[in-house]
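>>> Pasting a predicted model and its sequence here:
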Amino acid sequence: MDGGNWIWGASLCWNIGSTIWMYWDKRSDKTAEKLRNLEDRVGALKTDVEKMQVVSQLAPTHDDLGKVYETIKKTDENLNRLIGENNQQSEMLRLIHSFLLNGGKP
């Protein structure tokens, strides 16, 4: 191998090596950028999870909902009782009205 071929071979090796190095360097930069983006996303998700934990602690529990159900049930029972009493009073008023219209005779 003479001097010109040796320089040409060394230059070819240098160019191939530089190309490989630049490829790996760019790939490393892209990987690092992706990792930074993922770290940012993980940080945002962590903040969201923390907020959700705070909100879930303030949410009503099963026992709280049970108490609400019982209160609604009692209110419904009271309403049904009042409706029944109102119907009885209406019937009594009809009987009194009928009695008075008949001149006090049954």
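That came through fine.

>>> Assign a three-state SS to residue 60, would you?
coil (DSSP: H, G, I helix; E, B strand; the rest coil).

>>> Helix or strand: which one has the closest residue to it other than its chain neighbours?
Nearest residue to residue 60, sequence neighbours excluded (CB to CB, 6 or more residues apart in numbering): residue 68, at 7.7 Å. For every residue, glycine as well, the C-beta is placed using N, CA and C. Here residue 68 is covered by helix 62-101, with elements defined by DSSP states H and E.

>>> Quick check: residue 43 vs residue 36, distance?
11 Å (CB to CB, to the nearest Å).

>>> before we move on, what about residue 56?
Residue 56 is 30 Å from residue 36, by CB to CB.

>>> what do you get for residue 87?
The separation that residue 87 has from residue 36, given CB to CB, amounts to 74 Å.

>>> The residue nearest to residue 60 - how many residues pack around it?
Residue 68: 11 surrounding residues under other CB atoms under 10 Å.

>>> Ok, residue 50 next?
If we define neighbours as other CB under 10 Å, then residue 50 has 10 of them.

>>> Which strand or helix spans it?
helix 3-58.

>>> any idea of the mean pLDDT in that helix?
Helix 3-58 comes out with an average pLDDT of 83.

>>> and if you look at stretch 95-106?
Rounded mean pLDDT across stretch 95-106 is 83.

>>> Let me see the contact set for residue 105.
Listed by CB atoms under 8 Å, 6 or more residues apart in numbering, the contact partners of residue 105 are residue 99.

>>> Which of the three states applies to it?
Residue 105 ends up coil, using three-state DSSP.

>>> Since that was my last question, I'll sign off now.
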